[in-house]
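> my questions are about this predicted structure, shown below with the sequence.
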Amino acid sequence: MRKLKIISLIILIIFLSACSNVFVNEIHNRSINYGEITINDLNTLTTTIVKKTRDSVIGVSTYTGTSPVNLRLSGTGSGVIYECKAILKNNQVIEDCMATQDSDDVKTYQFKAVTNRHVIEGFYKVEVYIGQDDTFIKNVKVLYQDRKVDIALLQFEYVRPIQPIEFADSDLVEPGNIAIAIGNPYGHEFWGTATFGIISSPKRFLSDDENKFDDSKNEYIQHDVAINPGSSGGALLNAEGKLIGINTLKIIGEDKNERGVVVPSDGMGFSIPSNVVKEIIKRHDK
């Protein structure tokens, strides 16, 4: 029980860090009664983050085939909306699409999203799934696939606005920070799945086995948040509900301990840092 109270205290301090410096200093300069911190503080924080962001994490479907008449579903993954613009009936473009959500002058909403390159690479057709509305969007354009980093950029249109996820500064991530992953594991039936954990290491450098063009090592955030097939391309969020990484891979395997007993690996998830993603978007999203 004491451990739970201490964890709740840590979460609350992280949550309050978004407030003014004066308020944060007051928190640090006075004693805190552990009895005032309850599990409800943690529940409120995580619930707020998930509600704020899960609509912005989309599903991604890929199809194989040689023409539109013989397509076959090949796989599913996830993606994160990072931009939403409103296109008005007079063709004027409104950069902040949420400012037009009650307007009758909107012709369509244009979105851009980031996913993993391995989710969409080499497939005949890509579709986007909006879980909140149980809707597939068939006209999806692949804007860019990075040859070195496992990142791809998508563009599509939809009938309503969706709030893009705000990017955090991933250089500020520290070991032990809490993190939440949102994605579509094992297909779109489980859209918006949220899992919870901590950052194990803010910087790991690993080779991308899928990269046929460059065998140099890329930067990742290591965490123990549960991710599964279909989570690729989904969001890794901090305690403010901001994006710190794009979930990309997990280490799966078995090894023997010092006694020769086979034990499965677990809790080894990796995400591409948000600052790396921002730089790719800046260079290639023209």
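Done, it's in.
> name the strands paired with the strand or helix carrying V142 and say parallel or antiparallel.
Assigned by DSSP states H and E, V142 belongs to strand 141-145. Taking DSSP bridges as the criterion, strand 141-145 forms sheet pairs with strand 152-158 (antiparallel).
> any idea of the mean pLDDT in the partner strand?
Strand 152-158 shows a mean pLDDT of 98.
> how about residues contacting the following helix or strand past it?
For strand 152-158, the following helix or strand on the C-terminal side (DSSP H and E) is strand 178-183. For strand 178-183, contacts defined as Cβ atoms under 8 Å, 6 or more residues apart in numbering pick out 10-11, 14, 46, 49-50, 53-54, 57, 78, 192-199, 223, 225-227, 230-239, 244, 247, 269. C-beta coordinates here come from the backbone N, C-alpha and C atoms, glycine included.
> and those residues, which are buried?
Among the contacts of strand 178-183, the ones that count as buried by 16 or more other Cβ atoms under 10 Å are 10-11, 14, 46, 49-50, 53-54, 57, 78, 192-195, 197, 199, 223, 225-227, 230-239, 244, 247, 269.
> sorry, back to before: the contacts of strand 178-183 in strands, which ones?
57, 78, 193-199, 223, 235-237, 244, 247, 269 (DSSP state E).
> nearest to G131 among those?
V57 (8.0 Å; Cβ to Cβ).
> for D104, see how far away that closest one is.
From V57 across to D104, the span is 28 Å (Cβ to Cβ, to the nearest Å).
> against A239, how distant is C84?
Going from C84 to A239 by Cβ to Cβ gives 24 Å.
> can you check L206 too?
For L206, the distance to A239 equals 26 Å [Cβ to Cβ].
> same check on K112?
Noted for K112: a distance of 26 Å to A239, by Cβ to Cβ.
> got it, and A86?
A86 sits 30 Å away from A239, going by Cβ to Cβ.
> same check, this time on Q92
Distance from Q92 to A239, counting by Cβ to Cβ: 37 Å.
> next one: T64
As judged by Cβ to Cβ, T64 and A239 stand 40 Å apart.
> with E157 instead?
Distance, E157 to A239, using Cβ to Cβ: 33 Å.
> gap between the two ends of stretch 133-145?
Terminal residues of stretch 133-145 are spaced 28 Å apart (Cα to Cα, to the nearest Å).
> what residues of stretch 82-101 count as buried?
For stretch 82-101, the neighbour count (16+ other Cβ under 10 Å) marks 82-87, 94, 97, 100 as buried.
> tell me the contacts of the closest residue to A99 other than its chain neighbours?
Of all residues not flanking A99 in the chain, A86 sits nearest, at 7.6 Å (Cβ to Cβ, 6 or more residues apart in numbering). The contact partners of A86, by Cβ under 8 Å, 6+ apart, come to 93-94, 96-97, 99-100, 103, 106, 109-110, 161.
> what about 7 Å?
94, 97, 100, 106, 109, 161 (Cβ atoms under 7 Å, 6 or more residues apart in numbering).
> where does it fall, secondary structure wise?
According to DSSP H and E, A86 maps onto strand 72-88.
> show me which of the buried residues of stretch 82-101 is closest to F136.
F136 lies nearest to C84 out of the buried residues of stretch 82-101, by Cβ to Cβ, at 18.5 Å.
> what separation do you get for that closest one and R72?
31 Å.
> which residue lies nearest the spatial centre of this structure?
For the chain, the residue nearest the mean C-alpha position is A235 (0.8 Å; Cα atoms, centre = their mean).
> returning to that earlier point: chain center to the strand holding V142, what's the gap?
Relative to its chain's centre, strand 141-145 lies at 18 Å (Cα atoms, centre = their mean, to the nearest Å).
> with stretch 150-158 instead?
Offset of stretch 150-158 from its chain centre (Cα atoms, centre = their mean): 14 Å.
> with stretch 122-134 instead?
Here stretch 122-134 is found 16 Å from its chain centre; the criterion is Cα atoms, centre = their mean.
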